[in-house]
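A.B. asks: structure for the following, please:
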Amino acid sequence: MITRLVLQTTAWLVCMGALLFGAAGTLAWPAGWWYLIETGGMSLWVGFWLARHDPGLLAERLAPIVQAQQSRWDRFFMVAVAVMWSAWLVLMALDAMRYRWSAPLPVWLVSVGSLSIFVCIFMCMIVFRANSYAAPVVKIQASRGHKVIDTGPYALVRHPMYSAALLLFIGTPLLLGSWWGLACVPLLVIGIGWRAVREERVLAAQLEGYTDYTTRVRYRFVPFIW
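C.D. replies: Numbering: from 1, shown residues only. This next block holds a predicted model:
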């Protein structure tokens, strides 16, 4: 499984690098290299941790983004996310490097972006520690004894991984230096908000105790906001 983790992470980094540097028109982009190093290095770190502590969850995380157990809407969503994420990376590279539509961001904002990405991935590891069923697709994992998780970050919000994703959405354009990329963040937030609502309908219908959980934990992403 470690081999698969390394191969999939490498392929993912190569694809992102091709999108970023191809659109930028140059390899002389320190922020682009740092983005790949930070996201790739931390992803491997979390993956190695999962291989040791929860190989079942790691297997779920490495599975294809389109699966037979998914609802049709979630298959469409995952494919749309892959397309939109790729387009977003291309836009930020065009903006920050090739055409330089955005004025250069101050160093402190770029640093905030890098820190946000770090905190996002660290938060994901906390989520994985609390929830062994945190698969990337919406499905009930009956074979693994799927049950409601209401401890750790799940005692605060119903979708803590989506909460972490908000930091990634903000941190990525800040690190890469793209105001246009930052302007797209509300669309990304709306997208995962839509998925969260649909996901809850599936869980309420198919996972025992989930409806009671939603009455105890009111907020989805951010306490006291939504």
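
A.B. asks: just give the nearest non-adjacent residue to Val81, would you?
C.D. replies: Closest residue to Val81 apart from its sequence neighbours, by CB to CB, 6 or more residues apart in numbering: Gly191 at 7.2 Å. Glycine gets a C-beta too; all of them are placed from N, C-alpha and C.

A.B. asks: and the one you found, what is it in contact with?
C.D. replies: By CB atoms under 8 Å, 6 or more residues apart in numbering, Gly191 lies in contact with 77, 80-81, 84.

A.B. asks: kindly report the same for Ala51.
C.D. replies: Taking CB under 8 Å, 6+ apart, we find Ala51 in contact with 1-2, 5, 58.

A.B. asks: residue closest to the middle of this protein?
C.D. replies: Central residue of the chain (CA atoms, centre = their mean): Ala165, 4.9 Å from the mean position.

A.B. asks: hmm, Gly193 and that one touching each other?
C.D. replies: No. Contact criterion CB atoms under 8 Å: Ala165 and Gly193 do not qualify, at 10.8 Å.

A.B. asks: how about the helices in this structure?
C.D. replies: 2-24, 30-53, 55-62, 72-93, 107-130, 160-176, 179-183, 185-206, 210-216 (DSSP state H).

A.B. asks: so how far is Gln69 from the residue nearest to the centre of the chain?
C.D. replies: Distance, Ala165 to Gln69, using CB to CB, to the nearest Å: 22 Å.

A.B. asks: run a quick neighbour tally on the residue nearest to Ser114 when sequence neighbours are not counted.
C.D. replies: Nearest residue to Ser114, sequence neighbours excluded (CB to CB, 6+ apart): Leu175, at 5.1 Å. If you count neighbours by other CB atoms under 10 Å, Leu175 ends up with 27.

A.B. asks: sorry, back to before: nearest approach to Asp150 belongs to which of the helices of the chain?
C.D. replies: Judged by CB to CB, the one of these that comes nearest to Asp150 is helix 210-216, at 5.5 Å.

A.B. asks: name the helices or strands packed onto the closest one?
C.D. replies: Secondary-structure packing of helix 210-216 (3 or more CB pairs under 8 Å, 6 or more residues apart in numbering; DSSP states H and E): helix 185-206.

A.B. asks: what average pLDDT does the helix it packs on get?
C.D. replies: Averaged over helix 185-206, pLDDT sits at 96.

A.B. asks: chain center to that helix, what's the gap?
C.D. replies: 14 Å (CA atoms, centre = their mean, to the nearest Å).

A.B. asks: now that helix against helix 160-176, angle please.
C.D. replies: 160 degrees (axes from the mean of the first three to the mean of the last three CA atoms, to 10 degrees).

A.B. asks: for Trp49, see how far away Glu199 is.
C.D. replies: Separation of Glu199 from Trp49 (CB to CB): 25 Å.

A.B. asks: which of these two has more neighbours?
C.D. replies: Glu199 (22 against 14).

A.B. asks: the more buried one and Ser43: what is the separation?
C.D. replies: Noted for Glu199: a distance of 23 Å to Ser43, by CB to CB.

A.B. asks: my read: Ala31 touches Pro173, true?
C.D. replies: No. Ala31 lies out of contact with Pro173 (CB under 8 Å); the separation is 10.5 Å.

A.B. asks: more neighbours: these two, which one.
C.D. replies: Using other CB under 10 Å as the criterion, Ala31 and Pro173 rank with Pro173 on top: 26 against 20.

A.B. asks: tell me how far that one lies from Ile117.
C.D. replies: Using CB to CB, we find Pro173 at a distance of 11 Å from Ile117.
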